[in-house]
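S.K.: Okay, sequence plus prediction incoming.
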Protein chains: 2
Amino acid sequence: MSAEILEKKKTLDLRKKHIGPSCKIFFSHDPIKIVRARGQYMYDEKGQRYLDCINNVAHVGHCHPDVVKAGAEQMELLNTNSRFLHDNLVLYAQRLQATLPNKLSVCYFVNSGSEANDLALRLALQYTGHKDIITLENAYHGHVSSLIDISPYKFHHLSDVEQNQFVHVAPSPDVYRGKYRADHPNPAKAYADDVKDIIGRVHEKGGKIAAFTAESLQSCGGQVIPPPGYFQQVAEHVRQAGGVFIADEVQVGFGRVGTHFWAFQLQGADFVPDIVTMGKPIGNGHPMSCVVTTKEVAEAFALSGMEYFNTFGGNPVSCAIGLAVLDVIVKEDLQGNALRVGQYLTELLEKQKEKHPLIGDVRGRGLFVGMELVKDRLKLTPATAENAEYFLFCRRLKEQYILLSADGPHRNVLKFKPPLCFTSEDADLVVEKIDHILTGSQSCKMTTLYQQEVGGVP
Amino acid sequence: MSAEILEKKKTLDLRKKHIGPSCKIFFSHDPIKIVRARGQYMYDEKGQRYLDCINNVAHVGHCHPDVVKAGAEQMELLNTNSRFLHDNLVLYAQRLQATLPNKLSVCYFVNSGSEANDLALRLALQYTGHKDIITLENAYHGHVSSLIDISPYKFHHLSDVEQNQFVHVAPSPDVYRGKYRADHPNPAKAYADDVKDIIGRVHEKGGKIAAFTAESLQSCGGQVIPPPGYFQQVAEHVRQAGGVFIADEVQVGFGRVGTHFWAFQLQGADFVPDIVTMGKPIGNGHPMSCVVTTKEVAEAFALSGMEYFNTFGGNPVSCAIGLAVLDVIVKEDLQGNALRVGQYLTELLEKQKEKHPLIGDVRGRGLFVGMELVKDRLKLTPATAENAEYFLFCRRLKEQYILLSADGPHRNVLKFKPPLCFTSEDADLVVEKIDHILTGSQSCKMTTLYQQEVGGVP
């Protein structure tokens, strides 16, 4: 199939006609048509190159030749369900397991982060026999029905959504803007105590906790990095109540945080979740994902008597691709690169913060970085009056051929989550453009140009 | 990756260690290790060929070169999310739309039949503002939480499952073994009236019908073919109550039934569902699926204000593969082949029925065929005492290198759902083996060899 077949206008017209209007497009006022991509670069129909700072799915770089080769070769040989024995399935499970603490040893292969998080809930409910779930404010766990319920990110701004009675929302452990901040003597304990209080209130009403679930770092919620020790203390409270801890690594796993392979490991070696869910980067864009849990949870799930069958999950092609992704991460030291370039990018952004008052906070681990825009650094007023600027910000960066997006409950957090092959030169380039735009914007108010863009980019 | 890396025993050991025990394997007493496949044949690690009568996912034939080529070429070029404009997405939506009645014009691309059916429910609930769902006895719609609730196939045999209060189960429109049979003057009306009665009872309790959902032909439920006119009458009752009709084509769409591209079209040209879900065969094994609905339903869903974003859904690789599958179906006249070979297979099985009293019923449309085993043709007693024989049946067929499976509420229906390139010679071969086994089994009781095998194969 050639790179471009239709004129851009025709593509857009057909999209309006045949694709659900709930499916949003980037830069809706002037969308981009991308026809090819390689590494950290995407190219439009005219051959114009864009620097990609947002595609956390193209983890080892767009169209990585090793991943493409592994997929293509296996597609030619066999692609069928996991009811037949196949080496790719077990070798991949073994390799994934080796990246995790020993007790997380049993895998279920599925097709998306949403399928993974839904299965994680089913495992937790079956294992505990309980029904109540604690989730975090601004959390995003997926698009299937059960996950909308535990994703305040999806419903908190909508008026007519009925909240599931078994779902309880704990404060986001955001030490910049949250309930307990950097100046609090022990924010980890304070946030964990809030979870403990919720458990108490659930018990008072006769409920029983099945699970606490959290993204190891909140992404759509605004690039939030929970204080170390928080997960351990939450896990202690939750396990005491008979529940399990689900760590959602869909957006942040596979070495992105640089120092560790999994973001939950940032909390310390003493923390082990009961269930881990994976997704987005796992297949560099191939539709696949995984849930890993303990033998005990897996056995309880089997005892229900209900078989678990997933038509495409764990097929030989997905597993070949998954293995290739793991190989590339090691071979090209992408975790190390995430650490080095992420640190460099963060330092550059810190310098921008010194220069531009609109930047309230810069936070990140590896190539997971957030830059929060505020109107007032003391009151932390989100730069909502400046929304025009921040939306224009992304739009003006796009005009400079740089793809960046904004998210968080106030849509004032710029999210950096590029392919892990991102270089320090790429970091220089994006920060130079940011500097240029922020310098210009101070003398030129652009509020009239305000237009709602797609902000949320899970 | 070479075809076999580990010894079979090692593969099995690793599988036991690292794959969830709820994930069942075919022929668990002696599983097959398949290392490659082509067309309607699969090959084990020793090069032994198996005739595949069960893989309805490998729709145009395992590893079809055109499909592999389309996938591999697109993987090399670009694989990203649908927030960028791309021709594959809109061309594929347009091509899919062209196979459907005009009013079904809006697509949502997702990753699995389960994601499709879950989204269909969300669309129905949002569009109608109602909550009650009517599903069929023995239905199977997927493995995510919301679908277990509407899949009696998954829970009817389990004692401790709490049924969702908004889910109502109507009788399966099975004219062989169901409530109204072939001798009933108007089974279509009778079964539809049962749905009408359910609607009445829901209304009495203050409920409101959001949707009636059914597989266009029940597969796991026992290869059930509803009487023509049933869907029209159900749709009339459901729409009168403000609900929508969801046709689940995940297992039976894309030309398998021979006379039509979609199985719901067997009901007559005057029947148009409000929502159609697709899956399994859509990508010949690639993880992808689709929901198609009307403009009205799509617009109501968008009005909720909640964006729908699916990370992998509708990516350029999935769409390239989907387009290639549609091309091959046309180019090789696979729908015509399904009609011709399906008819031939059904005739051969009918002759077996004349010869072997264990065969109670042979029914099918195209290459979707069921053969039901009974102890007594008048009482229709399922061949449960003969379970040993029928399980042994599949096992003995496997020993003859033929893959066939059994399903239905009594696990006494042999299901034929091969890749659509199945030939009349393949039909001759499988029926010859069936004849041989049934002839032998009458003189040789094999009950001591009984062992529970995997039966359910969605």
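M.R.: On my side now, so go ahead. As the structure is a prediction and not an experimental result, all values here were calculated from the model.
S.K.: Can you read off the backbone torsions of the residue nearest the centre of chain A?
M.R.: Nearest to the mean C-alpha position of chain A, by CA atoms, centre = their mean, lies residue A:251 at 2.4 Å. Residue A:251 has phi and psi values of phi -100, psi -20 when expressed as degrees, to the nearest 10.
S.K.: Then the one 4 residues further on?
M.R.: Note on residue A:255: its backbone torsions stand at phi 90, psi 0 [degrees, to the nearest 10].
S.K.: Which pLDDT value belongs to the nearest residue in space to the residue nearest to the centre of chain A that is not next to it in sequence?
M.R.: Distances taken as CB to CB, 6 or more residues apart in numbering or on different chains place residue A:219 nearest to residue A:251, at 4.4 Å, with adjacent residues excluded. For every residue, glycine as well, the C-beta is placed using N, CA and C. Model confidence at residue A:219, expressed as pLDDT, equals 94.
S.K.: Mind listing residues that contact stretch A:139-148?
M.R.: A:112-118, A:121, A:135, A:150-155, A:172, A:213-215, A:218-221, A:248, A:250, A:456, A:458, B:114-115, B:118-119, B:121-122, B:144-146, B:306, B:308-310 (CB atoms under 8 Å, 6 or more residues apart in numbering or on different chains).
S.K.: any idea how far residue A:417 is from the residue nearest to residue A:251?
M.R.: As judged by CB to CB, to the nearest Å, residue A:219 and residue A:417 stand 7 Å apart.
S.K.: Contacts only, for residue A:396.
M.R.: residue A:437.
S.K.: Wait, a helix at it?
M.R.: Yes: applying DSSP: H, G, I helix; E, B strand; the rest coil, one finds residue A:396 inside a helix.
S.K.: where's it relative to residue A:405, distance?
M.R.: For residue A:396, the distance to residue A:405 - CB to CB - is 13 Å.
S.K.: Show me where the stretch 51-200 of chain A dips below the pLDDT cut-off.
M.R.: A:157, A:159-161 (pLDDT under 70).
S.K.: Tell me where it has helices.
M.R.: For the stretch 51-200 of chain A, helices defined by DSSP state H, counting those that start in this stretch occupy the ranges A:65-77, A:87-98, A:113-128, A:145-148, A:152-155, A:187-204.
S.K.: mind putting the ones you listed in CSV, distance to residue B:31 and mean neighbour count included?
M.R.: Formatted as CSV, those follow (distance: least, CB to CB, whole Å; neighbours: other CB atoms under 10 Å in any protein chain shown):
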stretch, distance to residue B:31, mean neighbour count
helix A:65-77, 19, 21
helix A:87-98, 12, 21
helix A:113-128, 23, 27
helix A:145-148, 32, 23
helix A:152-155, 41, 22
helix A:187-204, 44, 18
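S.K.: Ok, which of those comes nearest residue B:423?
M.R.: Distance to residue B:423, taken as CB to CB, is lowest for helix A:65-77 among the helices of the stretch 51-200 of chain A, at 22.4 Å.
S.K.: For that closest one, which helices and strands make contact with it?
M.R.: helix A:316-331, strand B:34-38, helix B:65-77 (3 or more CB pairs under 8 Å, 6 or more residues apart in numbering or on different chains; DSSP states H and E).
S.K.: Take these and lay them out in CSV including distance to residue B:194.
M.R.: Shown next, in CSV, are the helices and strands packed on helix A:65-77 (distance: least, CB to CB, whole Å):
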stretch, distance to residue B:194
helix A:316-331, 42
strand B:34-38, 42
helix B:65-77, 42
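S.K.: Out of these, which is closest to residue B:349?
M.R.: Here strand B:34-38 is closest among those (CB to CB), at 24.7 Å.
S.K.: so what's the closest residue in space to residue A:393 that isn't next to it in sequence up against?
M.R.: Excluding the flanking residues, the one nearest residue A:393 by CB to CB, 6+ apart is residue A:437, at 6.1 Å. Shown in contact with residue A:437 (CB under 8 Å, 6+ apart): A:393, A:396-397, A:400.
S.K.: of those residues, buried ones?
M.R.: Burial by neighbour count, 16 or more other CB atoms under 10 Å in any protein chain shown: within the contacts of residue A:437 this picks out A:393, A:396-397.
S.K.: With pLDDT added, can I get those in a markdown table?
M.R.: Formatted as a markdown table, the buried ones among the contacts of residue A:437 follow (pLDDT from 0 to 100):
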| residue | pLDDT |
| --- | --- |
| A:393 | 82 |
| A:396 | 89 |
| A:397 | 93 |
